[in-house]
Every structure is written in C-alpha cells, then in structure tokens.
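Asker: What follows is a predicted structure for the sequence shown.
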Amino acid sequence: MPAVVTTRRRRLSGLLVLAVLLLCAIAASIALGSRNLGLGTVSEALICPGGLPLSCPAESSAAQIVRELRLPRTGLALITGLALGMAGALIQGYTRNPLADAGLLGINAGAAFLAALSVHLLALTTPAQYIWFAIAGAMLAGLVVFGVSTLGGGKASPLSLILAGAAVTASLQAMTNIVVLLDGTALNTYRYWVVGDVAGHDASTFRQVLPFLILGAILALTSAPSLNLLGLGDDVARGLGADVTRSRAVGLAAVALLAGAATAAVGPIAFLGLIVPHLARALTGPDYRWLLPCSGLIGAVVLLLADIAGRLIARPGELQAGVTLAALGAPLFIVLVRRRKLVSL
C-alpha cells in the first residue's frame with residue numbers, strides 16, 4: 001500500500017509540474033519572438049479588447065501582434081502538441097512498438113496526398129481551404145490500414161497493423177509524388193506543409209481542428225483501461241473480458257482523429273509522437289490512464305518550446321518548428337534508444 005500511495009503522489013506531482021511548465025511555455029510563446037514584449041504589454045493586449053473607449057489605450061502594434069499573430073499560433077501549438085503526444089502514446093501501445101509514431105499508420109501520408117490532390121484539382125491556395133481534405137485523407141488512410149490488417153478474417157494484430165501501415169504509406173507517398181511533380185502549385189503548397197510549422201495560421205485553423213481533437217482525446221482517455229489489458233497480450237486481455245478488436249478499433253480511431261487533424265493543420269512534426277511517450281513513461285510508468293494525459297502535456301510543452309526556439313535562433317527571421325524539433329529531437333532520440341529502460345514498453 002505505501003508503494004501505491006508513493007506512485008500516485010509521484011504521478012500527481014508530475015502532472016502538476018507539467019501543468020506549470022505548460023503555463024510558462026504559453027506565456028513565453030506569446031511574449032517572445034522577433035519583437036519581445038513585456039508581460040505587462042501582453043496582459044494589456046489580452047485583457048483590453050480593441051474598440052473600448054477610454055478604458056483601454058488605442059490599438060497598438062503590440063496588441064495586434066499578440067491578438068492576431070501570437071495568440072492563434074500559441075493556441076494551435078498547444079492543441080496540436082497535446083494531440084500528437086497522446087497519439088504517439090496510443091500507437092506505441094496498440095502496436096507494442098517503442099519506435100512507432102502516428103506516421104506508421106499512413107496518417108501523415110494520407111493527409112499529404114489529399115491535400116496535394118485538392119490543390120491540384122480544385123486550385124486551393126490557403127491552409128484554411130485544403131485542411132478539410134487533409135483531415136479526410138488522414139482518417140481514410142487510418143481506416144484503410146485497419147481494414148487491410150484484418151483481411152482474410154484475421155485480427156488487427158500489432159504486426160499486421162505495422163505491415164499494413166508501411167504498405168499504405170509507401171503507396172500514398174508515391175501518389176503524392178506524382179501529383180506534386182505534375183503541378184507546380186501543388187508542389188509549392190506541399191513543400192510548405194511538409195516541413196511542419198505552427199506559423200502562418202489564423203484563428204480559423206484552430207477552430208477547424210478543435211472539434212476533431214476534442215473527440216479524439218475523449219476516445220483516447222476512454223480507451224486507456226482496455227489498452228492496459230492489451231499490454232498483457234491479446235489472449236490474456238480476452239480472458240479478462242476485453243473485446244480486443246473493438247478496443248483496437250476505438251483506439252485507432254482516436255489516433256486518426258488526433259494525429260490526422262493535428263497533422264492536417266501544422267504538417268508532420270518529426271520526432272514529437274516518437275519521443276514524448278518515452279519521456280512520459282519514465283514519469284508515470286506503463287499505466288495508460290496516467291500516461292496519456294502526461295504525454296499530451298509534454299507534447300504541448302515540447303512543441304511550444306520548439307516554436308519559441310525557432311523564433312529566437314534565427315531572429316529576425318525564424319525556423320519552422322518541425323525543423324527545430326528534428327534538430328533537437330534526433331540527439332534526444334539516440335539517448336532514449338541507448339537507455340533501454342526508457343524504450344521498453
């Protein structure tokens with residue numbers, strides 16, 4: 001019993017620390033950039049809406065930067081980081097593969113293909129226009145992978161999911177290459193999207209993806225108990241009363257919603273879904289009831305910090321968050337691989 005109490009306290013303390021770090025990262029994301037703003041200026045811009053006579057100062061360039069640029073950017077980084085962190089933990093659990101991320105199910109490839117195809121066929125030019133096609137492509141790819149993995153009356157086992165995901169990803173990437181090579185506009189759009197970045201989006205992108213991410217988070221959290229049972233093996237899980245096929249289908253639907261909507265909005269963010277679950281697992285252990293929310297918080301903190309670092313490193317320009325995270329994530333991933341205690345599921 002004392003060990004159980006100690007573990008619970010450690011997990012609660014970890015979540016509290018992560019919540020504080022997230023608040024600090026949000027504040028830093030709004031305040032820091034090519035033009036640094038004081039906390040007083042940020043508070044004034046957030047509290048005083050434009051247009052109120054006398055009660056607030058006239059609309060300033062700093063207030064416009066906060067409300068029109070940094071606030072939507074920070075909000076998008078927050079929700080997509082949460083989503084990608086949780087999706088990474090889910091896919092590693094369902095495939096029992098510590099090196100898996102959401103791209104393993106063809107989600108990134110599906111989003112890229114339909115986004116490029118919509119630009120080619122419909123002459124779409126802005127993320128707000130093609131994001132719906134990217135979301136649909138990500139979810140259709142996840143559905144195809146699950147369907148292929150169960151062909152012939154088989155079960156959606158971890159191995160069959162990995163093999164089906166690799167095959168679907170390769171096919172979609174080949175078709176995307178054909179589209180972008182035939183259309184220069186699609187190539188430019190794809191080149192911008194595939195780098196992965198939270199900049200260049202307004203509040204409409206946040207509103208478009210938020211319902212998908214909320215639904216995906218609900219499905220993810222409700223699937224945590226069954227995922228704990230699946231970690232014991234399919235046969236043991238069935239013996240304990242779990243519907244393995246249904247549980248895996250619900251979990252993969254959560255992955256498709258979370259990773260699909262996030263990837264459609266900001267592009268594929270390298271290493272985030274791969275590294276974050278290992279960091280969270282070192283803090284919470286293998287219990288997915290704690291691992292999923294912890295992974296979400298760490299994912300949001302990491303993406304926000306990567307975005308802030310990209311702004312500061314190349315000031316007055318900036319590096320995309322996907323580039324920054326890849327550069328920082330590669331060495332960290334090597335460390336995680338060498339420390340088997342963190343990598344093991």
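Answerer: Great, that's in hand. Because the structure is a prediction, the values reported are computed rather than measured.
Asker: Mind listing what's buried along stretch 91-111?
Answerer: 91-98, 100-111 (16 or more other CB atoms under 10 Å). To be clear about C-beta, it is placed using only N, CA and C from the backbone, and glycine gets the same treatment.
Asker: scratch that, stretch 188-206 is what I was asking about
Answerer: Within stretch 188-206, the residues scored as buried using 16+ other CB under 10 Å are 189-190, 193-199, 201, 205-206.
Asker: Of those, which pair is most distant in space?
Answerer: Farthest pair in the buried residues of stretch 188-206 (CB to CB) is Tyr190 and Phe206. Separation: 22.3 Å.
Asker: circling back: just the buried residues of stretch 188-206 now: which is nearest Ala128?
Answerer: Among those, and counting by CB to CB, the member closest to Ala128 is Thr205, at 6.2 Å.
Asker: in what helix or strand does the spatially closest residue to Ala203 that is not a sequence neighbour lie?
Answerer: Closest residue to Ala203 apart from its sequence neighbours, by CB to CB, 6 or more residues apart in numbering: Pro72 at 4.5 Å. Using DSSP states H and E, Pro72 sits within helix 71-95.
Asker: Quick one: mean pLDDT over whichever helix or strand comes after that helix.
Answerer: Where DSSP H and E defines the elements, the next helix or strand beyond helix 71-95 is helix 107-122. Mean per-residue pLDDT for helix 107-122: 86.
Asker: Next SSE downstream of helix 107-122?
Answerer: Downstream of helix 107-122 (by DSSP H and E), the next one is helix 127-149.
Asker: what angle sits between that following helix and helix 107-122?
Answerer: With axes from the mean of the first three to the mean of the last three CA atoms, to 10 degrees applied, the angle from helix 127-149 to helix 107-122 works out at 130 degrees.
Asker: Which other helices and strands does helix 127-149 contact?
Answerer: When contacts are defined as 3 or more CB pairs under 8 Å, 6 or more residues apart in numbering; DSSP states H and E, helix 127-149 packs onto helix 107-122, helix 158-182, helix 184-195, helix 203-222, helix 244-266.
Asker: now it, how far from the chain's geometric center?
Answerer: Relative to its chain's centre, helix 127-149 lies at 15 Å (CA atoms, centre = their mean, to the nearest Å).
Asker: Equivalent analysis for stretch 173-185, please.
Answerer: On CA atoms, centre = their mean, the centre of stretch 173-185 falls 25 Å from that of its chain.
Asker: Tell me the buried residues in it?
Answerer: Buried residues in stretch 173-185, defined by neighbour count with 16+ other CB under 10 Å: 175-176, 179-180, 183.
Asker: for stretch 68-82, same thing?
Answerer: 69-82.
Asker: now, which of those residues sits nearest Val148?
Answerer: After measuring the buried residues of stretch 68-82 against Val148 - CB to CB - the closest member comes out as Thr80, at 27.3 Å.
Asker: and the gap between that closest one and Gln129?
Answerer: Separation of Thr80 from Gln129 (CB to CB, to the nearest Å): 19 Å.
Asker: likewise Val179?
Answerer: The value you get for Val179 to Gln129, if CB to CB is used, is 16 Å.
Asker: can you check Ser247 too?
Answerer: Distance of Ser247 to Gln129, computed by CB to CB: 36 Å.
Asker: Also Gly137?
Answerer: 14 Å.
Asker: Neighbour count: those two, which is higher?
Answerer: Between Gly137 and Gln129, counting by other CB atoms under 10 Å, Gly137 is the more crowded of the two (29 against 14).
Asker: Tell me which residues touch that one, please.
Answerer: Listed by CB atoms under 8 Å, 6 or more residues apart in numbering, the contact partners of Gly137 are 110-115, 260, 264.
Asker: repeat that with 6 Å
Answerer: Neighbouring residues of Gly137 by CB atoms under 6 Å, 6 or more residues apart in numbering: 110-111, 113-114.
Asker: List just the nearest of those residues to Pro277.
Answerer: When the contacts of Gly137 are ranked by distance to Pro277 (CB to CB), Ala111 comes first, at 20.9 Å.
Asker: Surely that closest one and Met139 touch.
Answerer: No: counting by CB atoms under 6 Å, Ala111 does not reach Met139; the two are 8.9 Å apart.
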